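Engineer: sequence unknown, structure follows:
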Ligand code: ADP
Ligand code: ADP
């Protein structure tokens with residue numbers, strides 16, 4: 001059974017005043033197996049971010065089916081959706097960290113929201129800090145960190161609730177090439193050592209080449225090509 005399965009998914013945004021409606025996703029079928037790293041590429045406006053927001057249940061679909069680990073998430077109540085989202089970590093281009101919190105406090109946040117007891121929370125945060133190599137930065141404020149360190153905090157926070165799926169939206173686009181390589185190496189460890197499935201959205205073909213097992217190409221709300229990275233990206 002695939003970990004993520006979209007069947008004939010459509011997403012239409014209603015017209016803004018004076019405009020026309022936007023068909024952001026137009027009949028997408030996508031299946032991602034547990035353990036895979038899938039790259040989603042495509043021009044700006046192709047629908048990549050919208051697709052990821054549907055998988056993360058941040059937006060409802062207009063029609064079609066989204067299954068996570070075999071469970072249909074369309075039509076679930078808010079309380080049930082929260083449980084689904086706990087199983088999905090997300091990292092962002094601009095990191096989306098709390099500036100007022102320490103590194104520790106940022107990683108603690110999703111555990112506090114999930115009501116994880118203090119002892120367990122502390123153990124978990126400590127383990128995550130070691131995993132991402134930031135144990136000595138626990139008390140630092142986010143502003144004191146480099147871009148790469150910030151994204152490592154973002155990854156630790158995304159992993160806090162022990163998700164089976166990690167969604168990465170342009171997660172290296174704000175980083176220089178060397179730091180990008182560091183973050184990609186960490187994401188490979190997330191996949192290999194923790195067995196976490198990863199979906200990466202990116203416009204950086206080098207990122208897809210060096211990280212993904214499989215690539216999905218989107219254009220105007222549709223998947224126009226998909227397959228092993230070397231086949232799809234062999235003839236640019
Ligand atoms: P990508 O991530 O590939 O750049 P997006 O998923 O962000 O593409 O956008 C796909 C299309 O949907 C674009 O035309 C965009 O303007 C539109 N869109 C995205 N989010 C919204 C929204 N909340 N309201 C209206 N239109 C949206
Ligand atoms: P609260 O119960 O209010 O969440 P915590 O004891 O979890 O308080 O944490 C308060 C602050 O103490 C955190 O922001 C963090 O910086 C620091 N802290 C607590 N335990 C540790 C630890 N084992 N390692 C590093 N920092 C810690």
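Structural biologist: Received, thanks. This structure is a prediction, so every number in the text was calculated from the model and none was measured. Ligands and ions are numbered 1, 2, ... in the order given.

Engineer: tell me the centre residue of the chain?
Structural biologist: Nearest residue to the geometric centre of the chain (CA atoms, centre = their mean): residue 167, 1.2 Å.

Engineer: That one touches residue 53, doesn't it?
Structural biologist: No - at 9.0 Å, residue 167 does not count as touching residue 53 under the criterion of CB atoms under 8 Å. Using the backbone N, CA and C atoms, a C-beta is placed for each residue, glycine as well.

Engineer: Now do the helices in this protein.
Structural biologist: In the chain, the segments counted as helices under DSSP state H are 48-55, 78-86, 103-113, 118-131, 147-159, 177-194, 205-211, 229-232.

Engineer: got the angle between the third one and helix 147-159?
Structural biologist: This points to helix 103-113. Going by axes from the mean of the first three to the mean of the last three CA atoms, to 10 degrees, helix 103-113 is angled at 20 degrees with respect to helix 147-159.

Engineer: which one of the helices of the chain lies closest to residue 94?
Structural biologist: Residue 94 lies closest to helix 147-159 among the helices of the chain, at 9.1 Å (CB to CB).

Engineer: distance of the nearest residue to residue 135 once chain neighbours are set aside from ligand 1?
Structural biologist: Computed as CB to CB, 6 or more residues apart in numbering, the closest residue to residue 135 that is not its neighbour in sequence is residue 129, at 4.6 Å. As judged by CB to the nearest ligand atom, to the nearest Å, residue 129 and ligand 1 stand 31 Å apart.

Engineer: Would you mind confirming that residue 129 is in contact with residue 106?
Structural biologist: No - judged on CB under 8 Å, residue 129 makes no contact with residue 106 at a distance of 10.7 Å.

Engineer: Please identify the residues of this protein in proximity to ligand 1?
Structural biologist: By CB under 6 Å from any ligand atom, the part of the chain that sits against ligand 1 consists of 13, 22, 24, 42, 44-50.

Engineer: List the ones among the residues you listed that fall in strands.
Structural biologist: Mapping the residues of the chain next to ligand 1 onto strands (DSSP state E) picks out 13, 22, 24.

Engineer: Out of those, who's the most crowded?
Structural biologist: Most neighbours among those, by other CB atoms under 10 Å: residue 24, with 22 neighbours.

Engineer: need the contact list for it.
Structural biologist: 11-13, 47, 50, 221 (CB atoms under 8 Å, 6 or more residues apart in numbering).

Engineer: Those residues into CSV, with extra columns for pLDDT and distance to residue 144?
Structural biologist: Compiled in CSV, these are given as follows (pLDDT from 0 to 100; distance: CB to CB, whole Å):
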residue, pLDDT, distance to residue 144
11, 98, 39
12, 97, 44
13, 95, 39
47, 96, 37
50, 96, 34
221, 98, 41
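
Engineer: Most neighbours among those, please name it.
Structural biologist: Compared across those, residue 47 has the highest neighbour count, 24 neighbours, by other CB under 10 Å.

Engineer: Give me the nearest residue to it, chain neighbours excluded.
Structural biologist: The spatial neighbour of residue 47 that comes closest, neighbours along the chain excluded (CB to CB, 6+ apart), is residue 221 at 4.4 Å.

Engineer: For the one you found, grab phi and psi.
Structural biologist: Dihedral pair for residue 221: phi 80, psi 0, per degrees, to the nearest 10.

Engineer: That one contacts residue 45, correct?
Structural biologist: No - the criterion here is CB under 8 Å, and residue 221 misses it with residue 45 at 9.1 Å.
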